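Participant: Sequence below, structure please.
(one chain, ligands or ions: 1)
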Amino acid sequence: GKPVCECNMCYGGSDCSQLQPDCMVDADSGDPTFLEPFWVKNAASSAIVIAGWHRMSYEYSDGSLISEELKAHIRNVHASVGNAITDGKYIIFGAGATHLLNAAVHALSSKASSSPTKVVASTPYYPVYKEQTEFFNSEDYKFNGDTSMWNNDTSNSTFIELVTSPNNPDGHMKKAVLQGQFVKRIHDLAYYWPHFTPIVAPADEDLMIFTLSKLTGHAGSRFGWAIINDEAVYKRMLTYMDLSTYGVSRETQLRVMKLLKVVLSGNGREMYEFGHNTMKNRWSKLSKVLSQSKRFSTQKLKPQHCSFSQQIRTPSSAFAWLKCETSILEDRSCYEVLKEVNITGREGSLFGADNRYVRLSLVRSEDDFDLLLRQINKLVSVEINDK
Ligand code: PMP
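Facilitator: Numbering: from 1, shown residues only. Down below sits the predicted model:
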């Protein structure tokens, strides 16, 4: 079993069973520990031991920085889920999607044009797109806000549109908005797995990014991959990886391979069933509580046929995109309203949305989720008693 080393912030006592009054519930970070019980159950088959002499070289025996065997396993994972086409495409690894996002922006930005390439996304969007692009402060590209500002005006400049589906924060299956010959796209498909959404069709975009963080939950291993159509783009991304880190740690690649072997073992469905059931249960509990409220609501996502499960499934998004009705805000943001009942979410404004919205993470541990639900229950009971 798993040793108990430390208690969740909201519990104390020698066996972590005492609920601490007035503790803060963390619904901010998207740490995907909801999958931990699956890996506890598969502890032995997913473990690796690395001898001191193993894999000391810079390169693999074929001179590359990427394990061909791991690449083959990634292709098999996509084929078994049916969420992306990899045939005839290039694959590259990075230290998480975070690393690959900038490599892709670098590779797609145009050096030829006189003005920097405009990097855009549709609100609400994952804040790192803006933060990272601004941080690197490149002469080749600049963050240029929401796609809606450029809708009919893509003829004079090169654009890179970041398309996130399912979207972080709201779980919608976003589609590219901008059209035109100078528009390039990065499809961030971090959440396109059966835990979070029905698999409607295999994605077949020019540049797609995935991450281990949301597939198996191993966010700390720092591993992601991009699937790329165009050879020139692939080579520019390879150069970026060579010069920034000289590839992903070989220990990480070894670990990822072991994890993916477990994912693919048996009928290759067990982890997804666990992930989907966990998320589905959390959403059904949350929706039940919020259905009694006129002050708080979440995004509505339509059920669709899932080719992986052969079922009609309602999306079970990684995040609740909670909206507070203006009547209860009284000069406060929705984030502040929740903070008053000891829930820390992530402010809507960070995603380019307004302050009526707050993002609540539903992918943390069962304890975190139970505590969150408990506080939301309290909030809604106050409302019912107010009537
Ligand atoms: N893209 C999206 C949409 C995400 O939500 C995240 C993680 N929260 C990432 C990329 C980054 O993931 P990684 O851990 O692989 O860097």
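Participant: which residues sit in contact with the residue nearest the centre of the chain?
Facilitator: Centroid-nearest residue in the chain, with C-alpha atoms, centre = their mean: Ala190, separated by 4.4 Å. Residues near Ala190 by C-beta atoms under 8 Å, 6 or more residues apart in numbering: 97, 164, 168, 209-211, 213-214. C-beta: built from backbone N, CA, C; applies to glycine.
Participant: Determine the three-state secondary structure at it.
Facilitator: coil (DSSP: H, G, I helix; E, B strand; the rest coil).
Participant: With Leu238 instead?
Facilitator: Going by three-state DSSP: Leu238 is helix.
Participant: Thr252 too?
Facilitator: Going by three-state DSSP: Thr252 is helix.
Participant: just checking, it touches Phe223?
Facilitator: Yes - the pair Thr252 / Phe223 is scored as a contact, 5.4 Å apart, by C-beta atoms under 8 Å.
Participant: Between those two, which has more neighbouring residues?
Facilitator: Phe223 (27 against 20; other C-beta atoms under 10 Å).
Participant: and that one, backbone torsions?
Facilitator: Dihedral pair for Phe223: phi -140, psi 130, per degrees, to the nearest 10.
Participant: now it: how far from the ligand?
Facilitator: Distance of Phe223 to the ligand, given as C-beta to the nearest ligand atom, to the nearest Å: 7 Å.
Participant: Repeat that for Met279.
Facilitator: 15 Å.
Participant: Disregarding residues adjacent in the polypeptide, which is nearest to that residue?
Facilitator: Once flanking residues are discounted, Met279 sits nearest to Ser316: 3.6 Å by C-beta to C-beta, 6 or more residues apart in numbering.
Participant: neighbours around that neighbour, how many?
Facilitator: 24.
Participant: Show me which residues of the chain sit near the ligand.
Facilitator: Residues of the chain lying near the ligand by C-beta under 6 Å from any ligand atom: 30, 96-98, 126, 164, 168, 188, 190, 211, 213, 219, 224.
Participant: Buried ones among those residues?
Facilitator: With burial judged by 16 or more other C-beta atoms under 10 Å, the buried subset of the residues of the chain next to the ligand is 30, 96-97, 126, 164, 168, 188, 190, 211, 213, 219, 224.
Participant: got JSON lines for those residues, with pLDDT and secondary structure too?
Facilitator: Listed next are these as JSON lines, based on pLDDT from 0 to 100; DSSP: H, G, I helix; E, B strand; the rest coil:
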{"residue": "Gly30", "pLDDT": "94", "secondary structure": "coil"}
{"residue": "Gly96", "pLDDT": "98", "secondary structure": "helix"}
{"residue": "Ala97", "pLDDT": "98", "secondary structure": "helix"}
{"residue": "Tyr126", "pLDDT": "98", "secondary structure": "coil"}
{"residue": "Thr164", "pLDDT": "98", "secondary structure": "strand"}
{"residue": "Asn168", "pLDDT": "98", "secondary structure": "coil"}
{"residue": "Asp188", "pLDDT": "98", "secondary structure": "strand"}
{"residue": "Ala190", "pLDDT": "98", "secondary structure": "coil"}
{"residue": "Thr211", "pLDDT": "98", "secondary structure": "strand"}
{"residue": "Ser213", "pLDDT": "98", "secondary structure": "helix"}
{"residue": "Ala219", "pLDDT": "98", "secondary structure": "helix"}
{"residue": "Gly224", "pLDDT": "98", "secondary structure": "strand"}
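Participant: Which pair of these spans the longest distance?
Facilitator: Farthest-apart pair in these is Thr164 and Ala219; separation 17.1 Å (C-beta to C-beta).
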